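>>> no sequence for this one, just the structure:
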Ligand SMILES: NC(=O)c1ccc[n+]([C@@H]2O[C@H](COP(=O)([O-])OP(=O)(O)OC[C@H]3O[C@@H](n4cnc5c(N)ncnc54)[C@H](OP(=O)(O)O)[C@@H]3O)[C@@H](O)[C@H]2O)c1
């Protein structure tokens, strides 16, 4: 199959390509770095020629509310139009568990708009919603930082190793479109503040973490259901946060 990976130079895109290439597929990493831009449309129709599957793993350069919404709306619209014209058979996108539960979060509103563009398109699709990647812990800690203090929600979330996301994504990519949403989450629930505390301790980062039920996570207050898997049908990763922390610090 010809598989075009939009955002194929990013964290997940690079790993997906490395995982699928040995299976004998023709893979194209498409991103501005390789002359393919889903916002301007540059290089898009050329890249999609003969494509069976398109996997959208692009991310917005800015997380500011208006900028991120425009990014995912425009990219989604352009991509779905180009895929319909090229006769693509399966569109796969990586979204976020809970994107429909936190309307106060500008980033999650934007991911929901991306999902809406996919559903309004003509291409059969599968949306894989993932929980937060372990690799995103630094950004989460940073988002709550003022001076030497990090203020974060004590709500539970269910973070996951990017390799476990990629394993699920690879199966979805070579599988049949479900025209619906599938979830993947980490093997354990942990509170956001405690995960950040463990992360910073492992990195010997001197910032101290304070639990605050009103601390906003990218704009939204959280409860224990906001970011955890919706039900027991979610696919679960196998890598534990503590094990990843040990190997990430060693690396
Ligand atoms: N972080 C999390 O915890 C989490 C959880 C669930 C889902 N997700 C989703 O996972 C996806 C992948 O995240 P990631 O961390 O792998 O992203 P990333 O490492 O930040 O990579 C972003 C990619 O987007 C590309 N890109 C940026 N602007 C583009 C444009 N105009 N046209 C085409 N490509 C463009 C970049 O290309 P260049 O290298 O050429 O700039 C890069 O390849 C995102 O959609 C995100 O919403 C993330």
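Received it, and whenever you're ready, just let me know what you need. Nothing here was measured: the structure is a model prediction, and the numbers come from that model.
>>> which residues are in contact with the top helix by length along the chain?
Taking residue count as the measure and DSSP state H as the definition, the longest helix of the chain comes out as helix 65-86. Residues from elsewhere that reach helix 65-86, judged by CB atoms under 8 Å, 6 or more residues apart in numbering: 6, 38-39, 41, 44-45, 48-51, 54, 56, 58, 60-62, 91, 106-107, 109-111, 113-114, 116-118, 120-123, 219. Placement of C-beta: from N, CA and C, glycine included.
>>> flag every buried residue along it.
68-72, 74-83, 86 (16 or more other CB atoms under 10 Å).
>>> nearest to the ligand among those?
When the buried residues of helix 65-86 are compared for distance to the ligand (CB to the nearest ligand atom), residue 75 wins out at 6.2 Å.
>>> and that closest one, how far is that from residue 139?
As defined by CB to CB, to the nearest Å, residue 75 lies at a distance of 21 Å from residue 139.
>>> quick one: list the elements packing against the helix-or-strand element of the chain with minimal mean pLDDT.
Sorted by mean pLDDT, DSSP states H and E, the helices and strands of the chain end with helix 241-250, the least confident at a mean of 90. Contact analysis of helix 241-250 by 3 or more CB pairs under 8 Å, 6 or more residues apart in numbering; DSSP states H and E lists helix 192-202 as its packing neighbours.
>>> got the angle between the helix it packs on and helix 241-250?
Angle, helix 192-202 to helix 241-250, by axes from the mean of the first three to the mean of the last three CA atoms, to 10 degrees: 30 degrees.
>>> could I get the buried residue list for the next helix or strand after helix 192-202?
Moving toward the C-terminus from helix 192-202, the next helix or strand (DSSP states H and E) is strand 208-211. For strand 208-211, a neighbour-count test (16+ other CB under 10 Å) marks 209, 211 as buried.
>>> same check, this time on stretch 50-64
51-60, 63.
>>> can you tell if that stretch touches the ligand?
Yes. Counting by CB under 6 Å from any ligand atom, the ligand is contacted by stretch 50-64 at 57-59, 61.
>>> which of those residues fall in strands?
Secondary structure defined by DSSP state E assigns none of the residues of stretch 50-64 next to the ligand to strands.
>>> output those residues as TSV; include the columns pLDDT.
As requested, the residues of stretch 50-64 next to the ligand are exported to TSV (pLDDT from 0 to 100):
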residue	pLDDT
57	98
58	98
59	98
61	96
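>>> OK, contacts around residue 185?
97, 130-131, 158, 160, 228-229, 234-237.
>>> roughly how far apart are it and residue 7?
As judged by CB to CB, residue 185 and residue 7 stand 21 Å apart.
>>> point out where the stretch 1-150 of the chain drops to low pLDDT.
Applying pLDDT under 70 to the predicted model, the stretch 1-150 of the chain contains no residue that meets it.
>>> and it, which residues reach the ligand?
Residues of the stretch 1-150 of the chain lying near the ligand by CB under 6 Å from any ligand atom: 6-7, 9-13, 31-33, 36-39, 57-59, 61, 94, 96, 111, 130, 132-133, 136.
>>> PyMOL command to pick out the buried ones of the residues you listed?
Here the buried members of those are turned into a PyMOL selection, burial being counted by 16+ other CB under 10 Å:
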select buried, resi 6+7+9+10+11+12+13+31+32+36+37+38+57+58+59+94+96+111+130+132+133
